[in-house]
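S.K.: Build me a model from this:
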Amino acid sequence: MVQNIYTGQKLPKPVMPRCESAPLLQRQKAIVTGGSSGIGKAIAMALARSGADVAINYLKDEDAVQNMIKELKAEGRKAIGIQADVSKEADVQAMFGQAIEQFGTVDILVNNAGLQQDAPFEEMTLAQWQKVIDVNLTGQFLCAREAVKEFKRRGIVPEVSCAAGKILCISSVHEVIPWAGHVNYAASKGGVLLMMKSIAQEVAPFRIRVNSIAPGAVKTKINKEAWATKEAKEELLKLIPYQRIGEVEDVGRAAVWLLSDESDYINGTTLFVDGGMTLYPGFAAGG
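M.R.: Numbering: from 1, shown residues only. Take a look at the predicted model:
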């Protein structure tokens, strides 16, 4: 046994397997919440193509999930769809139970499910505030809690991964950039930032890694108005030093790396996938 120097808690001595990076996610089992469209779909597909079996969580779009399952099975991967509302504790517990029953365990959680309900601050209703917090923040808490339980139960399997488990929170550049008119969304993502870091600090001695990806402007249906026209695109590019709008595959590739043993020493970190949006581009000409 070893002792957590911060809490005094007695912990099992960690196993120190030799890390091997290829293939990146072979034999691993993943849950991707909100995995039927947009960034979640891109991550689910990228994980599967890197060797993982994937449980695709969705709320409504069953047809899209079934098409994804067919595509992944054609590539030799196991894939299942699980309908669940991540803001509801019973749904989350049932989702993990189903994934573990089908796959035997869960090695990876991608906390992706999220939404926006925008309004000027003085017009924002309590229902709009609560819905966004419930899905974007409480949903990530509920899923992460179940994942940690399973990771601790199973422990490290050296031939699968250096870590006992990995959690990837999908945040946003708005965990650090204020966003007028989107107070509930920005607050939820700011909460994800410190929730992620606090969980990472607590579970690191068990060889569980917790990190975030914070996308910037990425082409999805949720933000189509911001990039669909020439005029909107030109305005958006003023905020992106790299002068292109992100694609969902940019996030998918980053997720694979951050969930693989190649990044085994990275814990409690946000990786910004934003083309430099967090570089305060308004100051590029001297402020």
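S.K.: Can you tell me, leaving aside adjacent residues, what's nearest to Asp53?
M.R.: Sequence neighbours aside, Lys78 is the residue nearest to Asp53 in space, at 3.8 Å (criterion: CB to CB, 6 or more residues apart in numbering). C-beta here means a position set from N, CA and C on the backbone, and glycine is covered the same way.
S.K.: Let me fix that, I meant to ask about Lys73.
M.R.: Looking at Lys73 with CB to CB, 6+ apart, the closest residue is Ala79, at 6.0 Å.
S.K.: about what we covered before: got a list of what the residue nearest to Asp53 touches?
M.R.: By CB atoms under 8 Å, 6 or more residues apart in numbering, the residues touching Lys78 are Asp53, Val54, Leu72, Gln102, Phe103.
S.K.: Out of those residues, who's the most crowded?
M.R.: Val54 (31 neighbours; other CB atoms under 10 Å).
S.K.: Quick check on the residue nearest to Asp53: phi, psi?
M.R.: Note on Lys78: backbone dihedrals following degrees, to the nearest 10 are phi -90, psi 140.
S.K.: from now on call the first residue 34
M.R.: Got it, first residue is 34 now, which makes that one Lys111.
S.K.: Touching, Ala288 and Lys74? I think so.
M.R.: No: counting by CB atoms under 8 Å, Ala288 sits too far from Lys74 to count as a contact (11.8 Å).
S.K.: sec struct for Val193, please.
M.R.: At Val193 the chain is in coil, as set by DSSP: H, G, I helix; E, B strand; the rest coil.
S.K.: residues touching it, list them.
M.R.: Val193 is in contact with Arg60, Gln61, Asp140, counting by CB under 8 Å, 6+ apart.
S.K.: The last one is in contact with Ile200, isn't it?
M.R.: No: assessed by CB under 8 Å, Asp140 is found out of contact with Ile200, at 10.5 Å.
S.K.: Tell me the confidence at Lys257?
M.R.: What the model reports for Lys257 is a pLDDT of 77.
S.K.: I misspoke; the intended subject was Trp260.
M.R.: 80.
S.K.: all helices for the stretch 34-183 of the chain, in order.
M.R.: 71-82, 95-107, 122-136, 159-166, 172-187 (DSSP state H, counting those that start in this stretch).
S.K.: so which of these is the most packed in?
M.R.: Most buried of the helices of the stretch 34-183 of the chain by mean neighbour count (mean count of other CB atoms under 10 Å) is helix 71-82; its value is a mean of 25.
S.K.: Burial check on Pro211, number of neighbours?
M.R.: 9.
S.K.: just checking, what's the longest helix in this protein?
M.R.: Using DSSP state H to define each element, the chain has its longest helix at helix 216-236.
S.K.: circling back: list just the nearest of the contacts of Val193 to Glu183.
M.R.: The shortest approach to Glu183 among the contacts of Val193 belongs to Asp140, at 8.9 Å (CB to CB).
S.K.: which ones are touching the closest one?
M.R.: Gln61, Lys62, Ala63, Ala85, Phe184, Val193, Ser194, Gly198, Lys199.
S.K.: Pull the most distant pair out of the residues you listed.
M.R.: Across the contacts of Asp140, the longest distance by CB to CB is 15.3 Å; it joins Ala85 and Phe184.
S.K.: Brilliant, that's me finished.
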